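Participant: Quick one: sequence and predicted model below, then my questions.
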Amino acid sequence: MTAPTAVMPPAISIAHVSKTFGPRTVLHPLELNLVPGEIHALLGQNGSGKSTLIKVLGGYHAPDPGRGEVLIAGKPLDFGSTKSAHELGLRIVHQDLGLVAESTVLDNLAIGAGFPTRFGTIRRAQARREAAQALEAVGLDISPAKRVAELSAAQRTGVAVARALSRHGGKVTVLILDEPTATLPAREVAHLHEMVKTAASQGVAILYVTHHLDEVFRLADRVSVLRDGHIVLTRDVVDAPREDIIHALVGGAVEPVRRDITDVPSGNSRPVLTVSGLQGDALEGVDFEVRPGEIVGIYGLTGSGRESLLGTIFGAREREGGDVRVDGAQLAGRPASAIKEGVAYLAPDRKRGGGLMEMTACENLTLPAMKKFFRGGHLRISAELTESSQWMDRLAVRPAGAVKAPLASFSGGNQQKILIGKWMRISPRVMLLDEPTQGVDVGAKAQLHRYIMDASDAGAAVVISSTDAEEIATVCDRVLIIRSGVITEQLTGSDISVAELDRRVLRSNESKVETS
Ligand SMILES: Nc1ncnc2c1ncn2[C@@H]1O[C@H](COP(=O)(O)OP(=O)(O)OP(=O)(O)O)[C@@H](O)[C@H]1O
């Protein structure tokens, strides 16, 4: 779409809004305006204040008292009131989407809005009609009777967008999407973009939070960058070169990371990890081996088995058949048995799979190897704190030095760094990393990639499953393409590129190959 003109009255106008938690000002007085129909990308490093801004706009946080003002379609937002935000037409699609997987699309669309009734009787036919309209409004061609669990990731996000935009709660003026593509594969990202463009073409102003610069250029009309709670750049995307955006984001350039081809281990060493005939959720007999010092990528469409493979190897998901060995020792299919053999697993969902949100950063970091800090039956707290601080410095966790703060108080990307750090500390034999840099900003992502390479240089066998083709192409020595629950192809060396990865996952060749 063409960029909307500046003469249109703003859909949302934010002026002098700031937010302080205790002694820390997280948002400094900031200004931002979006006009109807505009797609505005909001970028910022982890901890720069994006979620805090969204929570202020959605009425979850009251901003600092003072002369701050938010106008939605010209009407003032009653700060700290989610009801006021909703009544004024502001909707937010959060990262977790808030859908019930086992319920139908129809039922999910009714969550929050309720079913239309007449004399107390639910009017299913009308509900179905309205659901079909809501889906059509975002260009989503699915049956309202389908269960959400059966949908692709992009379709699920689409349902959340359709629900946010449905007119039950009155006219929608502003839609905020918080990292909607954090774990969406490339093809599904394109589908989501179409839905977002459709919504914008109907006059809704879209605030689109992302860490992916490519999305800014493909989707947005304008872009703003938050750094340390200040808006440091707002521009039309056509006037914002990539380097300017990166500079605004990190305050400098980001050194590109690339696995040096000479670092790749020779094929002669014995495998550390051997997976044979592995069966489980969406897995139909997976075979592969990983040698010490190798970084192997797993790439495939959603539903191919990519999402369940690493969890099944580790024992966090049920194994239905096959065999997993580390240095020849058989794993029993339980996390404890895998950890005992030196296997680390970073789960794709940090809230449900590994992050203890109420415990401190220090406790989360030291959890897998507490023994080291016991002497004479006592926990050596100072040693634990000192080592945790060193790890937090190495990983550049922000706020710096907050070892005693609960994990929940860190921004999403900083939580991810702490959870990766917890496994790096124990120098594992095998690292299984599921979506390792989801929600991590460009600068921190490069840094985490360096740490993953360091771990492999130290002899760890690393397996990365990711929807991020760029990540796979950047760090992996070898990539296994998974389709319909089996490994169908293997890429090495210069064959590993973003374009080639996407071409291969879409190919219909289903022949099985040797993968060691
Ligand atoms: N309720 C809270 N209490 C104290 N500090 C908080 C609270 N919520 C957020 N913060 C702090 O405010 C800062 C900004 O966090 P915020 O979640 O807004 O960052 P973000 O830009 O969304 O980061 P990410 O990209 O990692 O999600 C962080 O340093 C975070 O630790």
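Facilitator: Perfect, I can see it now. Keep in mind it's a predicted model, so treat the numbers as computed, not measured. Numbers count the residues shown, from 1 in each chain.

Participant: Could you use CA atoms for every contact and neighbour count after this?
Facilitator: Will do.

Participant: how about residue 446, secondary structure?
Facilitator: Three-state call for residue 446 (DSSP: H, G, I helix; E, B strand; the rest coil): helix.

Participant: now swap in residue 92 and tell me
Facilitator: Of the three states, residue 92 takes strand under three-state DSSP.

Participant: Is it correct that it is in contact with residue 164?
Facilitator: Yes - using C-alpha atoms under 8 Å, residue 92 makes contact with residue 164 at a distance of 7.0 Å.

Participant: Get me the contact residues on the stretch 401-516 of the chain for the ligand.
Facilitator: Where the stretch 401-516 of the chain comes near the ligand, counting by C-alpha under 6 Å from any ligand atom, the residues are 409, 410, 411, 412, 413, 414, 439.

Participant: Format these as TSV; extra columns: neighbour count and pLDDT.
Facilitator: Shown next, in TSV, are those (neighbours: other C-alpha atoms under 10 Å; pLDDT from 0 to 100):
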residue	neighbour count	pLDDT
409	15	88
410	20	87
411	22	82
412	18	79
413	21	81
414	25	88
439	24	79
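
Participant: closest to residue 149 among those?
Facilitator: Among those, residue 439 lies closest to residue 149 (C-alpha to C-alpha), at 23.0 Å.

Participant: Could I get the contacting residues of the nearest residue to the closest one once chain neighbours are set aside?
Facilitator: In space, and not counting its chain neighbours, residue 439 is closest to residue 413: 5.2 Å by C-alpha to C-alpha, 6 or more residues apart in numbering. Residues in contact with residue 413, defined by C-alpha atoms under 8 Å, 6 or more residues apart in numbering, are 46, 47, 437, 438, 439, 440, 441.

Participant: Out of the residues of the stretch 401-516 of the chain next to the ligand, which sit inside strands?
Facilitator: Here DSSP state E is the test, and these give no hits in strands at all.

Participant: Beta-bridge partners for residue 480, please?
Facilitator: Residue 480 has these beta-bridge partners by DSSP bridges: residue 298, residue 490.

Participant: Could you count how many residues lie near it?
Facilitator: When neighbours are defined as other C-alpha atoms under 10 Å, residue 480 has 22 of them.

Participant: Please tell me how far it sits from the ligand.
Facilitator: Residue 480 is 30 Å from the ligand, where distance means C-alpha to the nearest ligand atom, to the nearest Å.

Participant: quick thing: my sequence starts at 52, can you match it?
Facilitator: Happy to do that; since the first residue is 52 now, the last one works out to residue 531.

Participant: Touching, that residue and residue 341? I think so.
Facilitator: No - shown here, residue 531 and residue 341 do not form a contact pair, counting by C-alpha under 8 Å, at 11.2 Å.

Participant: Any figure for the gap between the residue nearest to residue 490 and residue 120?
Facilitator: 29 Å (C-alpha to C-alpha, to the nearest Å).

Participant: about what we covered before: could you name every residue contacting both of residue 143 and residue 215?
Facilitator: Common neighbours of residue 143 and residue 215, using C-alpha under 8 Å, 6+ apart, are residue 226.

Participant: Low-confidence ranges, the stretch 452-567 of the chain, go.
Facilitator: Applying pLDDT under 70 to the stretch 452-567 of the chain flags residues 558-567.

Participant: Which stretches in it count as helices?
Facilitator: Listed in chain order, the helices of the stretch 452-567 of the chain (DSSP state H, counting those that start in this stretch) span 463-475, 493-508, 520-526, 549-557.

Participant: What helices and strands are in contact with the shortest one?
Facilitator: Going back to what we said before, that points to helix 520-526. strand 346-350, helix 549-557 (3 or more C-alpha pairs under 8 Å, 6 or more residues apart in numbering; DSSP states H and E).
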